[in-house]
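**Q** coordinates for the following, if possible.
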Amino acid sequence: MNASEVTEKGIAAKAASRKLAVVSTETKNYALEKMAEALDKNAKSILDANSIDLEVGEKKEISKSLIDRLALDGKRIREMIEGLKVVKSLPDPVGEVISEWTRPNGLKIKKVRVPLGVIGIIYEARPNVTVDSAALCLKSGNAVILRGGSDAIRSNIEIARVISEAAYQAGLPKGSIQLIEDTSRETAEELMKAREYLDVLIPRGGKSLIQSVIQNSQVPTIETGEGNCHAYVEKSADLKMAVEIVFNAKCSRPSVCNAIETLLVDDAVAADFLPMVKKKLDEVHVELRGDQKTCQILPGIKLATEEDWRTEFLGLVIAVKVVTGVAAAIQHINTYGTRHSETIITKDPRAAKKFTDEVDAAAVYVNASTRFTDGFEFGFGAEIGISTQKLHARGPMGLSELTSYKYVVQGDGQVRIA
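**A** Below is the predicted model of the structure:
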C-alpha cells in the first residue's frame, strides 16, 4: 500500500526539522532573502494562478469577504516580500539563553530556546499565509507542513513551489517547506492525527475550522483567529477621534479577524455620538443592528438579536449597544468576546486602566484601532496566527512563540546522593 501524501511529507518534514534545528542564522537569512527575490521574480505566475482561483470562486458564488481574503495583487505580493525581509532582519531566537544559574553543588543550568520541530498549519483562503507561515517557521528552525483550502489551491501551489525551491537552493534541507495539495477533508483529518510527525498544529480560518481542529486533533493545538472584537466609546471620549477609530476598525478590511463586530457606546454620549458615527459608516453602506436605545436614537435601523452580539460578521455589518459605564462595557465584552482584540476610546485614565486591567483579551487598546493586532504591525515581520488562548502563546505569534526550550546542565562529575 502506497503511503499517503500526509505520511510522505510528514516523514520528510521530520527529517528536515532535525537538520533545521542546527542550521546557522546566516543560512536561514540567506534563504529568506532568496525567497523574497523569487516571489518578486515569479509575481506574474502567482497572480495568474490566483486569477484562476478567483474566477472559480466567483463561479461558485463564494462570499465577498472570502474573495477579499483570497485575492492577490501587486500590493499584497509586495507586502509578502516585505514580510520576508522583516523576518530576516529579526534576531534568531534559536539558541537564546533565556536564563541561567549555578546550583550549590556546582551544576550550571541554562534554559535555552529551541525549535518546536514540525509545525502543521491548516488554513483557508488567504494565500499570504503560505509565505508568512513558511518565513516564521524557517527562521525559528521549524519545518512546516501547509494545508490550505480548496479555494486558494492554485495560488498556494505556485507560491509554495516558488519559495521552497528558493529555500532549498539557498541551503535549507528539502522537506523544510511542504504543501499538502490534496484539499479533501480526509487530509485535514489525517493531519490532526499525525502525532508521529507533527509537534503542533495551528488552525487559521473561520470559527468552524478552528473548532473542528480543537475538538478533533490528537496533535497539540494552538487556538487562533476568531475575532468578535469590540470598540467602546466611553463618556469622556473625543467623539471625532472615536468616529475615525470605529470607522477604521470596522471598514478598513471588514473580512479579517481584528475588525470590530460590536460598537458599545456610553449612554452619556450616545445621543451625540451615534448619529455622527452612522453618518460616517453610511459612506460605505455599513448595516447597523442596534439594541432598543440605539434604535430610538437611530430610527430605521434593524433591532439586534442575542445572536448578533456573538457573531463575527466578517463584512459590513456591525452590532451597536448603549451601555451605562465602563463596568457594563467590560461585562458585555467578557460575556460575548472571543478574547482577541478590544479597544476603549476615552480621555479618562482611570477608565482606561479599568478597561485594560479587566478585559479578557489577547490585545487591549486605548484610543487606537483594533486593526493593529497583526504580527507585522507589532514588529514581528508577520505572524503565524493570532492566538486567543492563554497557554504558551497569546496574541500575534512571532518567532519566539514558535520555540520551546530545553535545559542544558553542565557538571564536573556531580552525582546525586539522595
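
**Q** show me the shaky parts of this structure.
**A** Along the chain, segments meeting pLDDT under 70 span 1-2, 381.

**Q** cutoff 80 now
**A** Counting by pLDDT under 80, the chain has low-confidence residues at 1-3, 65, 205-207, 225, 381-383.

**Q** domains in it, by residue range?
**A** 5-222+397-410, 229-372 (automatic domain parsing).

**Q** the first one: end-to-end distance?
**A** Looking at domain 5-222+397-410, the gap from its leading to its trailing residue is 42 Å under the measure CA to CA, to the nearest Å.

**Q** pretty sure A36 contacts I81?
**A** Yes: using CB atoms under 8 Å, A36 is in contact with I81, at 4.8 Å. Where C-beta positions appear, they are placed from N, C-alpha and C, glycine not excepted.

**Q** between the two, which is the more surrounded one?
**A** Each of A36 and I81 has its neighbours counted (other CB atoms under 10 Å); A36 has more, 22 against 18.

**Q** next, work out how far apart the more buried one and E61 are.
**A** Counting by CB to CB, to the nearest Å, the gap from A36 to E61 is 35 Å.

**Q** ok, C251 next?
**A** C251 is 24 Å from E61, by CB to CB.

**Q** try I98
**A** Computed as CB to CB, the I98 to E61 distance reads 51 Å.

**Q** more crowded one of those two?
**A** I98 (12 against 7).

**Q** next, the contact list for that one, please.
**A** Going by CB atoms under 8 Å, 6 or more residues apart in numbering, I98 touches 111-113, 405.

**Q** quick check, nearest of those residues to L72?
**A** Set against L72, the nearest of the contacts of I98 by CB to CB is R113 (33.8 Å).

**Q** tell me the secondary structure for that closest one?
**A** What DSSP: H, G, I helix; E, B strand; the rest coil gives for R113 is strand.

**Q** neighbours of it, just the number please.
**A** Residues contacting R113 under the criterion other CB under 10 Å number 19.

**Q** what sits closest to it if chain neighbours are left out?
**A** Distances taken as CB to CB, 6 or more residues apart in numbering place E96 nearest to R113, at 4.3 Å, with adjacent residues excluded.

**Q** quickly note the distance from the one you found to S404.
**A** Taken as CB to CB, the span from E96 to S404 is 12 Å.

**Q** any shared contact partners between the two?
**A** Here E96 and S404 have R113 as joint contacts, going by CB under 8 Å, 6+ apart.

**Q** now do the buried residues in stretch 48-55.
**A** For stretch 48-55, burial by neighbour count (16 or more other CB atoms under 10 Å) applies to 49-50, 53-54.

**Q** next: stretch 70-85.
**A** By 16+ other CB under 10 Å, the buried positions in stretch 70-85 come out as 70-72, 76-77, 79-81, 83-84.

**Q** what about L288, how many neighbours?
**A** Neighbours of L288 (other CB under 10 Å): 21.

**Q** whoops, S208 was the one
**A** Per other CB under 10 Å, the neighbour tally for S208 reads 10.

**Q** which helices and strands does the helix or strand where it lies pack with?
**A** Using DSSP states H and E, S208 sits in helix 207-216. Helix 207-216 sits against strand 118-123, helix 185-192, strand 200-204, with contacts defined as 3 or more CB pairs under 8 Å, 6 or more residues apart in numbering; DSSP states H and E.

**Q** just the ones you listed: most buried one?
**A** The highest mean neighbour count among these, using mean count of other CB atoms under 10 Å, belongs to strand 118-123: a mean of 27.

**Q** could you tell me the angle between that strand and helix 207-216?
**A** Angular relation of strand 118-123 and helix 207-216 on a 0 to 180 degree scale: 140 degrees, by axes from the mean of the first three to the mean of the last three CA atoms, to 10 degrees.

**Q** which SSE is immediately downstream of strand 118-123?
**A** Heading C-terminal from strand 118-123, the first helix or strand you meet, by DSSP H and E, is helix 128-139.

**Q** I'd like to check the angle between that following helix and strand 200-204, please.
**A** Note on geometry: by the same axes, to 10 degrees, helix 128-139 and strand 200-204 are set 150 degrees apart in direction.

**Q** put the alpha carbons of helix 128-139 into PDB.
**A** In PDB, the C-alpha atoms belonging to helix 128-139 read as follows (Å, rounded to 0.1, in the frame of the first residue of the first chain):
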ATOM      1  CA  ASN A 128      -0.300  35.200   2.100                       C
ATOM      2  CA  VAL A 129      -0.500  32.700   5.000                       C
ATOM      3  CA  THR A 130       1.700  30.300   2.900                       C
ATOM      4  CA  VAL A 131       4.500  32.900   2.900                       C
ATOM      5  CA  ASP A 132       4.100  34.200   6.400                       C
ATOM      6  CA  SER A 133       4.000  30.800   7.900                       C
ATOM      7  CA  ALA A 134       7.000  29.500   6.000                       C
ATOM      8  CA  ALA A 135       9.100  32.500   6.900                       C
ATOM      9  CA  LEU A 136       8.400  32.400  10.600                       C
ATOM     10  CA  CYS A 137       8.800  28.600  10.800                       C
ATOM     11  CA  LEU A 138      12.100  28.600   8.900                       C
ATOM     12  CA  LYS A 139      13.600  31.500  10.900                       C
END
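
**Q** quick one: it to chain centroid distance?
**A** On the basis of CA atoms, centre = their mean, to the nearest Å, helix 128-139 sits 12 Å off its chain's mean C-alpha point.

**Q** again, but for stretch 56-76
**A** The answer for stretch 56-76 is 19 Å, by CA atoms, centre = their mean.

**Q** for that stretch, measure first residue to last.
**A** With CA to CA as the measure, stretch 56-76 spans 20 Å from end to end.

**Q** also stretch 231-248?
**A** Stretch 231-248 end-to-end distance (CA to CA) = 11 Å.

**Q** off-centre distance for it?
**A** Distance, stretch centre to chain centre, for stretch 231-248: 25 Å (CA atoms, centre = their mean).
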